[in-house]
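Trainee: Based on what follows, work out the 3D shape:
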Amino acid sequence: MYQELVNRKSKLAVVGLGYVGLPIALEFAKKISVIGFDINEKRIEMMRNQIDPSKELAAAAFEGRDIVFTSKLDVLKEASFFIIAVPTPVDKYNVPDLKPLIAASETVGKVLKKGDYVIYESTTYPGCTEDDCLPVLEQFSGLKMGEDFKLGYSPERINPGDKKNTLKTVVKVVSGNDAASLNEIASIYELVVEAGVHRAPSIKVAEASKIVENVQRDLNIALMNELSLIFDRIGINTFDVIEASGTKWNFLKFQPGLVGGHCIGVDPYYLTYKAASLGYESKVIAASRFINDDMARYVARKIITHVLRNSSKPKVLIKGVTFKENVSDIRNSKIIDTVKELLAFNIQVDVEDPYAMASDVHEEYGLQLTTTVDKDYDAVVVTVPHNSYRELDDAYFCSISTADAMVFDLKGVYKDKILNRQYWSL
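Mentor: Here you go, the predicted model:
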């Protein structure tokens, strides 16, 4: 397969062109022929015009690439090496929603041929690739894995907004259904991953490795959030404590904050779901999820307590609705939970964000982004440290708020900088 791809006798296809799939497709398209497949024709048209819908890549990233963008099965069937990189969300009950993954498996199954390879990059629980996706591939293709086609898993490690740790510079974990497929898959990924690959001994190990990466971060952030709850009662600043503790060589400088997005705030539920299906109820992981999921409401309670003490018609400005700094992605943004709590108390809430798309925010959450910031807010909440926000100073916050207003700085960006307004951080 490797030689056929390099000689352009075969094509590689990436199914799902979001923040993970598109960078992979474009990187491979520097070396081999690629088909970029997505069911969203609007997104396909944007990419044909060298526009990244996720606003992560510039137009230059599309130039000189051997790639065709399509939503047509007739084009997809020209590929022999398929990489599936679709979302794996949870539903409102925090149960894994495999519908996008199963649908993508059906799509690939319909065009799968003897000798083809199918690699999954979507984050999921150990066993999902072989127990949930493989039967769908076999059903719709009429082929058998091992005999007719090869199967693999390589967890994505794309970090939105990060220009340093990219597909090329981060070691890629790869796995295959047997030793031969593993070596072939590894050699193909080595075409684009300059940092090299790690050969996992099984598909389940590769799946578990991705889950553990994010569960570990969730646990550490939950610890910081719980410490923040304690230190707030004591009356000391958590970021001051972290700075002091960080003087020891082996201290890990995790920080408190709202845990949203499509990785840390979602992936642990996939592991607890799998554990429960095997008769084990997670304790530590579940506790961390509870702490982190409740932080948005805790922040809301702090805001509500302050503004209702100081105004009969309170007004709050939320600065930042994306799930992290310097990205446009609003999926699973936990500040929305804070906004909902404020609205439930009939508090006027304005939301602004220079990165978020107003249409996306309205479609996803039913909120209107404001384009004009007023001058009489009783509270200003800075949720994520976008680059443009970092430049703001005490004079700016004074200019948009009342004399008794409080600046709620969730990431501690303005610690020791807010002098003429009340200040609070996690």
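
Trainee: Show the contacting residues for the residue nearest to Ser105 when sequence neighbours are not counted.
Mentor: Leaving out its chain neighbours, the residue that sits closest to Ser105 by CB to CB, 6 or more residues apart in numbering is Val136, at 4.0 Å. Bear in mind the C-beta positions are built from the backbone N, C-alpha and C, glycine included. Residues counted as contacts of Val136 (CB atoms under 8 Å, 6 or more residues apart in numbering) are 102, 105-106, 109.

Trainee: Where does Val136 sit, in terms of helix or strand?
Mentor: Here Val136 sits within helix 134-141, counting by DSSP states H and E.

Trainee: Val339 too?
Mentor: Assigned by DSSP H and E, Val339 belongs to helix 335-344.

Trainee: wait, Thr129 sits on Ser154?
Mentor: No. Judged on CB atoms under 8 Å, Thr129 makes no contact with Ser154 at a distance of 10.4 Å.

Trainee: intersection of neighbour lists for these two?
Mentor: Residues touching both Thr129 and Ser154 (CB under 8 Å, 6+ apart): Tyr120.

Trainee: Helix or strand next in line after the helix holding Val136, which one?
Mentor: Next along from helix 134-141, by DSSP H and E: strand 150-153.

Trainee: right, and the helix or strand after that following strand?
Mentor: Later in the chain than strand 150-153, the nearest helix or strand by DSSP H and E is strand 172-176.

Trainee: returning to what we had before: outside of the helix holding Val339 itself, list whatever touches it.
Mentor: Contact with helix 335-344 is made by 258, 260, 296-297, 299-301, 303-304, 316, 318, 320-321, 349, 351, 365, 367, 381, 383, as judged by CB under 8 Å, 6+ apart.

Trainee: same check, this time on stretch 408-425
Mentor: Around stretch 408-425, the neighbours that count as contacts under CB under 8 Å, 6+ apart are 237-240, 255, 257-258, 299, 302-303, 306, 379-385, 389-390, 392-394, 397-398, 401, 404-407, 426.

Trainee: Please point out which parts of stretch 349-363 sit buried.
Mentor: The neighbour-count check on stretch 349-363 (16 or more other CB atoms under 10 Å) flags 349-353, 355-357, 360-361 as buried.

Trainee: Repeat that for stretch 245-255.
Mentor: By 16+ other CB under 10 Å, the buried positions in stretch 245-255 come out as 254-255.

Trainee: ok, back up a step: and the contacts of Val136, which are buried?
Mentor: Buried by 16+ other CB under 10 Å: 105, 109, out of the contacts of Val136.

Trainee: now, which of the contacts of Val136 sits nearest Gly176?
Mentor: Of all the contacts of Val136, Ser105 has the smallest distance to Gly176: 17.2 Å, by CB to CB.

Trainee: same for the strand or helix carrying the closest one, what does it pack against?
Mentor: Take DSSP H and E as the rule and Ser105 turns out to sit in helix 99-111. Contacts defined by 3 or more CB pairs under 8 Å, 6 or more residues apart in numbering; DSSP states H and E place helix 99-111 against strand 11-15, helix 73-76, strand 79-84, helix 134-141.

Trainee: Would you mind writing the CA trace of the third one as PDB?
Mentor: The reference is to strand 79-84. This file holds the C-alpha atoms of strand 79-84, laid out as PDB (Å, rounded to 0.1, in the frame of the first residue of the first chain):
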ATOM      1  CA  ALA A  79      -9.300   5.700  -2.500                       C
ATOM      2  CA  SER A  80      -7.600   2.600  -1.100                       C
ATOM      3  CA  PHE A  81      -6.500   4.000   2.300                       C
ATOM      4  CA  PHE A  82      -9.200   5.600   4.400                       C
ATOM      5  CA  ILE A  83      -8.700   7.700   7.500                       C
ATOM      6  CA  ILE A  84     -11.900   8.400   9.500                       C
END
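
Trainee: Sheet partners, orientation included, of that strand?
Mentor: Applying DSSP bridges, strand 79-84 is found paired with strand 11-15 (parallel), strand 117-120 (parallel).

Trainee: What residue, apart from its backbone neighbours, is nearest Thr238 spatially?
Mentor: Per CB to CB, 6+ apart, closest to Thr238 is Ser228, 4.5 Å.

Trainee: Can you name the next helix or strand after whichever strand or helix holds the one you found?
Mentor: In this assignment (DSSP H and E), Ser228 forms part of helix 203-234. Note on helix 203-234: by DSSP H and E, the next helix or strand toward the C-terminus is helix 238-245.

Trainee: what is the mean pLDDT for that following helix?
Mentor: Mean pLDDT, computed over helix 238-245, is 96.

Trainee: and that helix, what does it pack onto?
Mentor: Checked by 3+ CB pairs under 8 Å, 6+ apart, helix 238-245 has helix 203-234 packed alongside it.

Trainee: thinking again about what came up before, correct me, but the residue nearest to Thr238 touches Leu426?
Mentor: Yes. Contact criterion CB under 8 Å: Ser228 and Leu426 qualify, at 4.5 Å.

Trainee: joint contacts of these two?
Mentor: Applying CB under 8 Å, 6+ apart, one finds that Ser228 and Leu426 are jointly contacted by 238, 256.

Trainee: Distance check, the residue nearest to Thr238 against Gln255.
Mentor: In this view, Ser228 and Gln255 are 9 Å apart by CB to CB, to the nearest Å.

Trainee: Which neighbours do these two have in common?
Mentor: 238, 426.

Trainee: residue contacts, Val108?
Mentor: By CB under 8 Å, 6+ apart, the neighbours of Val108 are 15, 76, 82, 84, 118, 137.
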